[in-house]
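S.K.: from the sequence below, what's the structure:
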Amino acid sequence: MLLNCHSYYSFKYGTLSTEELLQEVVLGGFTTIALADINNTAASLDFVRRCEEFGIRPVVGVDFRNGVKQEYIAIAKNTDGFCEINEFLTAHLHEKKAFEAKAPNFKQAYVVYPFSSQVCDLKEYEYLGVSPQDLTRLPFTAWKNNQEKLVVLQTASFRNKRDYNIHRLLRAIDKNSLLSKLEKHEQANFEDRYRIRSELLEIYKEYPKIIENTEKLLATCSMEFEFGSNKNKKRFTSSEEEDFALLKQEAFAGLTYRYKQVTDEVLDRLNKELKVIRELNFCSYFLINWDLVKYAMSMGYYHVGRGSGANSLVAYLLRITNVDPVDLDLYFERFINPFRSSPPDFDIDFSWTDRNDVTRYLFDKYGWDRVALLGTFITFNHKSAFREIGKVFGLPDEEITRLQKNPNPNQADEYGKWVIRYSQYIAGFPSHGSIHSSGILISDKPISNYSATELLPKGFPSTQFDMYIAEDLGLHKFDILSQRGLGKIKDTLAIIKQNHGIDIDIHNTKLFMEDVRVKRMLKKGEAIGCFYVESPAMRMLLTKLKAEDYKRLVAASSIIRPGVAQSGMMREYIIRFQDESKREQARREIPALYQILEETYGVMVYQEDVIKVAHYFAGLSLDEADILRRGMSWKFKQRNEFSKVKDKFFFNCKQKGYANAIVQDIWRQIESFANYAFAKGHSASYAVESFQALYLKAYYPLEYMVATLNNGGGFYSPQLYLHDALMHGAVVEAPCVNGSFWVNIIDKKSIWLGFYLLRDLEQGTGKGLIRERRENGAFSSLRDFIKRFPISLEQLIILIRVGAFRFTGKGKKELLWDAHYLMGYSKKTQPEKTLFQTEVKEFKLPELWKHHLEDAFDEIELLGLSIRSPFELVKDELPSDLKACHLPRLINRYVRIVAYLIHRKPTKTNNGKIMYFGTWIDLDGHWVDTVHFPPVAKEYPFRGPGCYCIEGKVTEEYGFVSIEVNKLERMSNVSLEDMTE
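M.R.: Okay, here's the model as predicted:
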């Protein structure tokens, strides 16, 4: 009898999760209900899936509303009706069109209008819904004696008074209104709650025909979905046999490209993989990825295939990945095992400039009705819940922030207590739909069979459900990601071609991996700007591991991840790498575990290590072991499958006779990092890209830095990348109207900064003056520039101050005098062009005073960086000339050094106190690393960017030198007042 149930996927309206909703209706004595969320089907399939365990027969539909005004409810008779509803909803969402007062001509769906509707001529499948409040009016209408078209319409949005309060708060959040000013028509009536079946029967007892109509309507609806079976595009060609033949042909063709000599080991691995892929019907999945990569390469796009897909030799031969799984002994079962029913993930990265075109290719090739981006949900977290509820209660920002930091009801006033309580209630509620960062679905049937879609700003539709519902359904995503690292590589190659006339085969990675210069740079952590290896933490790790080879870099890429590092296993790996006796000790303590993880000295480093330990150590089957690996995500932990496998892990270990303390410690390792660590193939893919970047940086550092800056930098600020270019001999030129372009360019060793760096320069100004210069030649003077190019005085001053007219030989102050004179002191208007341009007489100014640091201040203000050394800006004499190169000879000595702050990383000690790791450059521009333990961090805090005097003890661990700081003082910079004295 419930035709209009809302979950909290009726965003900022409903208040119950799917599970809470089902629990409520079971307690209410119902066996069939209809979920009809407002303007979406986000929860419909999950609802259908979950109904079986609660003994509920599911019916689904949509509550179509304009704002909060209900137009009608559409209820699917079957899966075809669900598809109809989705198509209708999609069309309106894409066009942002209001829903009409009259429903469309559904063929397989019922329509229920509210009793207040003006629709009178009801079709066979249309009904009028009578709410309990409508019963008092019913006897006075024409429907009193014509009840064939009347059904019970008990809208159900909340359970009780608390839920109703939550609903009102959500409505206020949605309307960005104070709760006290929320209009009545923007919120539901308290009567719109979940009632028990017996109560509804009592309410409608005078109208048995209405009850009969309602139950008959529900009885004729049937939602039978097959969950779990693969619903991706099943065939790439016309048949599965043809798919396999094509896959086999292309894989064997790839052997000659990838291997100089094809060994029996490679052939055996290839045939094994092809057999499994064919048996599991994954041929089309591989071929779709192969076709995508083939298209990208034809367009000159660079890509990196990563994730567990790199464990596949077939993927390597198809050029989806660049990782040789035979050479690295990658565990194929981490990617595909015979028990796996769902296609594996291929994560394919493209440059951020190319991703949209690659995505569009998939839509065009496989059909816009069968391809969609995968949706996701933005939920209220701790901070956002406090923020939003605080706002609707009218609390000031500072009070909301205080409550976020200290949510103690005993220290809060009445409103504060309400905020704390209701923030906890809505934490985890979905706020609105969004899109998955990379997932794309390619369905065998139209997407409307499963979901309505919403149109994104870039023109691509996305599903209303998320990846968990997609996986349950059997729709498995293709991951198409973007990253700037590939943009750097692509642009560097183009710049090298332009600057040197050289073509480089960047895919010949094995040549790079044996390069002596690249190995030396990697071992010393000289990797500024290089993908995944440039951070201070990675530089420290590479130094301690003496990582000069590919396999060690692969390990480093995974153990640097948060879970492994925080669990203490990163440090344990370093110790065992450095000290063979520690390895032997670990081997003796748990020989069974060490044997499984011998390659990584008995330490779990990769995601597949979880599978290996679960399978070989704890005796779980491969599919159970994979559930354990996947289950480390918090959302999956809520599922019964994970709990069962976890229990079996401990049970099996006990049966095998392992000590409980050992099992608990192994489980701690699994739990602490499985959600963060990489698959080995994923780390290997990252390492390939790192080597590509390192090679380009090693031999073409200036071109690489220009590409890095043009692609938005990386871990550090643009200032550091500019500094690195200077360290490699670059001559850096500030923007110039005759020499610069919109982006940075390089001419031999001169780097001309682009106009895009100027914070307040309009794009139209920058690109317009470039166009004028290209069409009519270089500018000869400021007067020539003003005559030829219309510009406001405001924009012209920016160009003058950054030095863009230095080719004239005039100083900035002279040019500013000229600009004001020639522009008539107008700050916004542009000079009018007339038929006859009269020459303005030049005048000679007296020599104007200039400070040698004026340019540096202008650059910092306008560009956010300076071409000059930061040490030039220090006001007082430097108290030390010590440099980083001296520190290895001063181990355990106390020193004083002056350095410029690059980065600081906070972390917490075991007792929760804050400490820091600092990264600096010295007077010569080389790295200095510092450690700031809690007492020093508190007494001598960082005070923003700048040069500091650092005092402390020089320490060394496994070749990595740092300073344990005991005193830190920021040095004063020269000010504008100092310059005028």
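
S.K.: first-to-last residue distance for stretch 461-468?
M.R.: 18 Å (CA to CA, to the nearest Å).

S.K.: oops, could you answer that again for stretch 252-265 instead?
M.R.: End-to-end span of stretch 252-265 (CA to CA): 14 Å.

S.K.: what lies in contact with it?
M.R.: 266, 270, 316-319, 324, 326 (CB atoms under 8 Å, 6 or more residues apart in numbering). Placement of C-beta: from N, CA and C, glycine included.

S.K.: which one of these sits closest to Lys209?
M.R.: Using CB to CB, Leu318 comes nearest to Lys209 of the contacts of stretch 252-265, at 64.7 Å.

S.K.: per-residue confidence at that closest one?
M.R.: At Leu318, the pLDDT value in this model is 96.

S.K.: how about it: what's its closest non-neighbour residue?
M.R.: Trp290 (4.4 Å; CB to CB, 6 or more residues apart in numbering).

S.K.: got it, and Arg788?
M.R.: Setting aside the residues directly before and after it, Arg788 is nearest to Glu772 in space (CB to CB, 6+ apart), at 5.8 Å.

S.K.: give me the number of residues near the one you found?
M.R.: Neighbour count for Glu772, taken as other CB atoms under 10 Å: 16.

S.K.: that one reaches Phe789, doesn't it?
M.R.: Yes - using CB atoms under 8 Å, Glu772 is in contact with Phe789, at 4.9 Å.

S.K.: now Ser462: how far from Asp364?
M.R.: Computed with CB to CB, to the nearest Å, the distance linking Ser462 and Asp364 is 17 Å.

S.K.: more crowded one of the two?
M.R.: Ser462 (23 against 10).

S.K.: Provide the backbone phi and psi angles at that one.
M.R.: Dihedral angles phi and psi of Ser462 (degrees, to the nearest 10) take the values phi -130, psi 150.

S.K.: identify the bridge partners of the closest residue to it other than its chain neighbours.
M.R.: Setting aside the residues directly before and after it, Ser462 is nearest to Leu373 in space (CB to CB, 6+ apart), at 4.0 Å. Taking DSSP bridges as the rule, Leu373 bridges to Ile440, Ser462.

S.K.: now could you export just the CA positions of the host helix or strand of Ser672 as CSV?
M.R.: According to DSSP states H and E, Ser672 maps onto helix 660-673. Extracted in CSV, the C-alpha atoms of helix 660-673 (Å, rounded to 0.1, in the frame of the first residue of the first chain):
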residue,chain,number,x,y,z
ASN,A,660,47.4,-15.8,17.8
ALA,A,661,49.8,-12.9,18.3
ILE,A,662,51.4,-13.6,14.9
VAL,A,663,48.0,-13.8,13.1
GLN,A,664,46.8,-10.6,14.7
ASP,A,665,50.0,-8.8,13.6
ILE,A,666,49.6,-10.1,10.1
TRP,A,667,46.0,-9.0,10.0
ARG,A,668,47.1,-5.5,11.3
GLN,A,669,49.4,-5.2,8.4
ILE,A,670,46.7,-6.3,5.9
GLU,A,671,44.2,-3.9,7.4
SER,A,672,46.5,-1.0,7.7
PHE,A,673,47.6,-0.8,4.1
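
S.K.: ok, Pro132 - contacts?
M.R.: Counting by CB under 8 Å, 6+ apart, Pro132 touches 154, 191, 203-204.

S.K.: show the model's pLDDT score for it.
M.R.: The score at Pro132 is 96. That number is its pLDDT.

S.K.: returning to that earlier point: adding neighbour count, distance to Ala661 and secondary structure, write the contacts of stretch 252-265 out as CSV.
M.R.: Listed next are the contacts of stretch 252-265 as CSV, based on neighbours: other CB atoms under 10 Å; distance: CB to CB, whole Å; DSSP: H, G, I helix; E, B strand; the rest coil:
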residue, neighbour count, distance to Ala661, secondary structure
Val266, 20, 43, helix
Leu270, 21, 44, helix
Tyr316, 28, 42, helix
Leu317, 25, 46, helix
Leu318, 22, 47, coil
Arg319, 19, 48, coil
Asp324, 20, 40, coil
Val326, 16, 38, coil
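
S.K.: and of those, the nearest to Lys123?
M.R.: Closest to Lys123, out of all of those and judged by CB to CB, is Leu318, at 53.7 Å.

S.K.: wait, what's in contact with that closest one?
M.R.: For Leu318, the contact set (CB under 8 Å, 6+ apart) comprises 250-251, 254, 286, 289-290, 293.

S.K.: in helices, which of the residues you listed fall?
M.R.: Of these, the ones assigned to helices by DSSP state H are 250-251, 254, 286, 289-290, 293.

S.K.: can you check the pLDDT for the residue nearest to Arg788?
M.R.: In this model, Glu772 is scored at 96, pLDDT.

S.K.: phi, psi of it?
M.R.: phi -60, psi -40.

S.K.: ok, for Ala188, nearest residue in space, not its chain neighbours?
M.R.: Ser157 (5.4 Å).

S.K.: low-confidence ranges, the stretch 801-950 of the chain, go.
M.R.: By pLDDT under 70, the low-scoring segments of the stretch 801-950 of the chain are 825-852.

S.K.: what segments of it are strands?
M.R.: For the stretch 801-950 of the chain, applying DSSP state E, counting those that start in this stretch gives strands covering 894-908, 914-921, 927-932, 947-957.

S.K.: okay, those strands in TSV with distance to Asn230 and mean neighbour count next?
M.R.: Below are those laid out as TSV (distance: least, CB to CB, whole Å; neighbours: other CB atoms under 10 Å):
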stretch	distance to Asn230	mean neighbour count
strand 894-908	44	17
strand 914-921	47	20
strand 927-932	51	21
strand 947-957	51	18
